[in-house]
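Asks: Provided below for reference: sequence and predicted model.
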Amino acid sequence: MDLRVLKSQKKVFATVSALTVGILLPLLIAFEPHNSPIVYVVDLFFVIYGLWNLKFYLPSLIEERPLVPIGVSRTFTIFAILPLASIGLMMGFSEDTLLLIPKLFFLKDIAEIQKSLHRKDHLSPLVSRLVPLFFIVPLVIHIVACGWVYLGSGSPGPHTDALYEYVRAGYWTVTTLSTVGYGDITPATVPQMLFANGVMILGLMFFGYVLGNVASLLARLDAAKEEFFSHMDRVETFMSYNNLPASMRKKIRAFFRYSWESGRGFDSHGVLDVLPPGVRAEVSMHLHRDIVEKVPFLQDASQDLIEAIVLDLEPRIAMPGEYIFKKGDSGEGMFFVRKGCVEIVSDSGDVIARLDAGSFFGEGALLSERSKRSAGARAYKFVDLLVLSSTSFQQILSRHPEFAQHMREVSEARLKANKER
């Protein structure tokens, strides 16, 4: 069998064994303290688990690899696999289920859950960190509660109703671990007192660990927002230091707030830059291909050329009322509207047309290197644009001479049409 398959099976088996140990064994010790035939089943399960582990390590033995020293962890593993409870039951030991306690060592395998989540690419890092806490916290409460039941639940003997006794012990566990301690349930025997002391010490560490992790996760949940506020503090310092007028400060704040709200302060272009070229091209095509292919003279372009174009698109934000360019300006590139609305305006400021998301304008700059803007373009409200510069487009054409010839024909046809008007 493939070693990778064996490793995958081992992880599943390890997780199942950890959950079995964490849930079933404490219940057996608390509510079936002696003469329970279930211990045979539990011991058999872990003997099989031990033999299966031997099967997992067989390939290294067959390949004559150097033997790994046993070490402390494997020593405890071998000891935990031994069917001590079954032997105790056959020998008439009155507290035979206590011999299941060494198997709690397998709780260490609960870490496989977190490792498996880290390997799931479709899960966010927040989920992979938070989910293990939902396993660990109830499991610790369950184990401590069962230990409290076994010791008598704060009375000389347990209650006759097992469910009530378990819920009551869980209540005591939470109040003690969290250091609340209402005092309505208190230890009555020396073992209970010693156990309560240990639980309180554990509670200081355990709930400190849990609360620290939760606080860290909540901080990471909105880390971008914290970064935005930190950035705005620096902007405010800059504006105060340079004594900028109130109207200018208002515009700057509006710009940064829009940048935050539209992208949650996330630099998507920065992420694309660090990706491998093939993945970057694939993502860029997914994001921008549709809007680029709407341009008439690009509809016959090859896949490679479209890919080159989307990789060279640069993001830009225009504020309400801002002129993107004016009539008569030199054409330095064309624009694609990702979000917002752009007004095409005349010299007098009259609106000729309005272009919404998915539109494009200024494509004449790509058809002629000396073109002048025939009209102005003004942001009606905040606009997210993608800019394809004439320089970048000419460099792309130099790598695609066949399409460059097509562009020259389109340009000549356009000039001829303009002359005939």
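Replies: Nice, I can see it.
Asks: now residue 408: how far from residue 309?
Replies: Counting by Cβ to Cβ, to the nearest Å, the gap from residue 408 to residue 309 is 18 Å. For the C-beta atoms, the positions are set from N, CA and C on the backbone; glycine is no exception.
Asks: Would you mind telling me which of the two has the busier surroundings?
Replies: Using other Cβ atoms under 10 Å, the more surrounded residue of residue 408 and residue 309 is residue 309, with 23 against 12.
Asks: The more buried one contacts residue 293, correct?
Replies: No. Contact between residue 309 and residue 293 fails when scored by Cβ atoms under 8 Å: they sit 9.7 Å apart.
Asks: Now do the closest residue to residue 275 other than its chain neighbours against residue 274, distance only.
Replies: Of all residues not flanking residue 275 in the chain, residue 283 sits nearest, at 6.7 Å (Cβ to Cβ, 6 or more residues apart in numbering). According to Cβ to Cβ, residue 283 and residue 274 sit 12 Å apart.
Asks: before we move on, what about residue 349?
Replies: Taking Cβ to Cβ, one finds residue 349 at 43 Å from residue 274.
Asks: again with residue 31
Replies: Applying Cβ to Cβ to residue 31 and residue 274 gives a distance of 56 Å.
Asks: So if I had to pick from these two, which one is more boxed in?
Replies: More crowded of residue 31 and residue 274, by other Cβ under 10 Å: residue 31, with 16 against 7.
Asks: OK, contacts around that one?
Replies: Residue 31 sits next to 149, 162, 166 when contact means Cβ atoms under 8 Å, 6 or more residues apart in numbering.
Asks: cool, and residue 107?
Replies: Residue 107 neighbours (Cβ under 8 Å, 6+ apart): 18, 21, 22, 139.
Asks: which of those lies closest to residue 252?
Replies: Taking Cβ to Cβ as the measure, residue 252 lies nearest residue 139 of these, at 51.7 Å.
Asks: Quick check: that closest one touching residue 23?
Replies: Yes. With contact defined as Cβ under 8 Å, residue 139 reaches residue 23; the gap is 7.5 Å.
Asks: Give me the more crowded residue out of those two.
Replies: With neighbours defined as other Cβ under 10 Å, residue 139 and residue 23 compare such that residue 139 has more, 18 against 14.
Asks: List the contacts of the spatially closest residue to the more buried one that is not a sequence neighbour.
Replies: Among residues not flanking residue 139 along the chain, residue 22 sits closest, at 4.6 Å (Cβ to Cβ, 6+ apart). Residues in contact with residue 22 (Cβ under 8 Å, 6+ apart) are 104, 107, 110, 139, 142, 143.
Asks: Would you mind giving the secondary structure of residue 22?
Replies: Using DSSP: H, G, I helix; E, B strand; the rest coil, the secondary structure recorded for residue 22 is helix.
Asks: same thing with residue 77?
Replies: From three-state DSSP, the assignment for residue 77 is helix.
Asks: Quick check: which ranges of the stretch 101-250 of the chain have low pLDDT?
Replies: 110-130, 154-160, 217-224 (pLDDT under 70).
Asks: where exactly do the helices run in it?
Replies: With DSSP state H, counting those that start in this stretch, the ranges of helices along the stretch 101-250 of the chain come out as 111-118, 125-150, 162-177, 190-221, 223-241, 246-263.
Asks: can the ones you listed go into JSON lines with extra columns for distance to residue 333?
Replies: Below are these laid out as JSON lines (distance: least, Cβ to Cβ, whole Å):
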{"stretch": "helix 111-118", "distance to residue 333": "43"}
{"stretch": "helix 125-150", "distance to residue 333": "38"}
{"stretch": "helix 162-177", "distance to residue 333": "63"}
{"stretch": "helix 190-221", "distance to residue 333": "38"}
{"stretch": "helix 223-241", "distance to residue 333": "28"}
{"stretch": "helix 246-263", "distance to residue 333": "21"}
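Asks: Can you check which of the ones you listed gets nearest to residue 326?
Replies: Nearest to residue 326 among those is helix 246-263; the distance by Cβ to Cβ comes to 19.3 Å.
Asks: Name the surrounding residues that touch the closest one.
Replies: By Cβ under 8 Å, 6+ apart, the residues outside helix 246-263 that reach it are 225, 228, 231-232, 235, 239, 244, 265, 317, 319, 339, 382, 384.
Asks: Which of these ranks first by neighbour count?
Replies: Counting neighbours by other Cβ under 10 Å, residue 382 leads the contacts of helix 246-263 with 20 neighbours.
Asks: Check the contact between that residue and residue 316; I expect there is one.
Replies: No. Residue 382 is not in contact with residue 316 according to Cβ under 8 Å; the separation is 11.6 Å.
Asks: Pull up the overlap in contacts between the two.
Replies: Common contacts of residue 382 and residue 316 (Cβ under 8 Å, 6+ apart): none found.
Asks: Report how many residues lie close to residue 372.
Replies: Applying other Cβ under 10 Å, I find that residue 372 has 12 neighbouring residues.
Asks: what's the offset of stretch 139-151 from the middle of its chain?
Replies: Put simply, stretch 139-151 sits 33 Å off its chain's centre (Cα atoms, centre = their mean, to the nearest Å).
Asks: residues making contact with that stretch?
Replies: 22-23, 26-27, 29-31, 33, 104, 107, 110, 154, 158, 165-166, 169-170, 172-174, 176-177, 189, 191-192, 195, 199, 202, 206.
Asks: Report the separation between residue 193 and residue 101.
Replies: For residue 193, the distance to residue 101 (Cβ to Cβ) stands at 20 Å.
Asks: May I have stretch 237-248 exported as CSV, CA atoms only?
Replies: Provided in CSV are the C-alpha atoms of stretch 237-248 (Å, rounded to 0.1, in the frame of the first residue of the first chain):
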residue,chain,number,x,y,z
THR,A,237,-0.6,63.8,11.9
PHE,A,238,0.6,64.7,8.4
MET,A,239,-2.4,67.1,7.8
SER,A,240,-2.0,68.8,11.2
TYR,A,241,1.8,69.2,10.7
ASN,A,242,1.4,70.8,7.3
ASN,A,243,-1.6,72.9,8.5
LEU,A,244,-3.8,71.8,5.6
PRO,A,245,-7.1,73.7,5.1
ALA,A,246,-10.3,72.0,6.4
SER,A,247,-11.7,71.4,2.8
MET,A,248,-8.6,69.7,1.7
